[in-house]
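Engineer: generate coordinates for the sequence data below:
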Amino acid sequence: RGQYVYRRHGQFLGKILLHLGLGGGYGAAKINRVLMSTRYLVGQGKQGQEDTFRRLMETAMATMDFMVPGSLTPDSGEGWETALRVRFLHAKAR
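Structural biologist: I've put the predicted structure just below:
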C-alpha cells in the first residue's frame, strides 16, 4: 500500500521528504554526530556541494528502487537489495 501511495503522490511526498525529513534529520544531534564522525557532512566548497548533491541523488534513487511494485520481495527484488545495502552502510557508520 505504501508503494501505491508514493506512486500516486510521489511528487508531493518527495518534497516533504526533502525539506522536512532530510532537513530535520540533519538537524538532529544523534544523527549529526554519526554524519560528522564519518565525515559525511564535512565537505567544503565545490567538492562539498558535489558530495551533497551525490548523497541526495543516492537517496532519491534508493527511494525509487523501493517504490517499484514487487521490488521489496526478499532475496529477489531490487528494492530489497538496495535496502540491505543502505542498512549495512548505516550499521557500519554507527
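
Engineer: quick one: low-confidence ranges for this structure?
Structural biologist: 22-23, 25-26, 31-32, 34-43, 94 (pLDDT under 70).

Engineer: may I have the phi/psi pair for the residue nearest to the spatial centre of the chain?
Structural biologist: Centroid-nearest residue in the chain: Thr59, 3.2 Å away (criterion: C-alpha atoms, centre = their mean). Backbone torsions for Thr59, taken as degrees, to the nearest 10, come to phi -60, psi -40.

Engineer: distance check, it against Gly14.
Structural biologist: Taking C-beta to C-beta, to the nearest Å as the measure, Thr59 and Gly14 are separated by 10 Å. (C-beta placed from N, C-alpha, C; glycine too.)

Engineer: equivalent analysis for Arg54, please.
Structural biologist: Counting by C-beta to C-beta, the gap from Arg54 to Gly14 is 17 Å.

Engineer: more neighbours: the two, which one.
Structural biologist: Counted by other C-beta atoms under 10 Å, Arg54 and Gly14 do not tie: Gly14 has more neighbours, with 15 against 11.

Engineer: SS state for that one?
Structural biologist: helix (DSSP: H, G, I helix; E, B strand; the rest coil).

Engineer: for it, what are its contacts?
Structural biologist: Going by C-beta atoms under 8 Å, 6 or more residues apart in numbering, Gly14 touches Ala60, Thr63.

Engineer: what about it, distance to Ala60?
Structural biologist: For Gly14, the distance to Ala60 - C-beta to C-beta - is 8 Å.

Engineer: can you check Arg7 too?
Structural biologist: 15 Å.

Engineer: what of Trp80?
Structural biologist: 18 Å.

Engineer: can you pull out the helices in the chain?
Structural biologist: Under the criterion DSSP state H, the chain contains helices at 2-16, 23-27, 29-37, 45-67, 78-93.

Engineer: any idea how far Gly10 is from the closest residue to Gly77 other than its chain neighbours?
Structural biologist: Setting aside the residues directly before and after it, Gly77 is nearest to Ser71 in space (C-beta to C-beta, 6 or more residues apart in numbering), at 4.2 Å. Applying C-beta to C-beta, the value for Ser71 to Gly10 is 14 Å.
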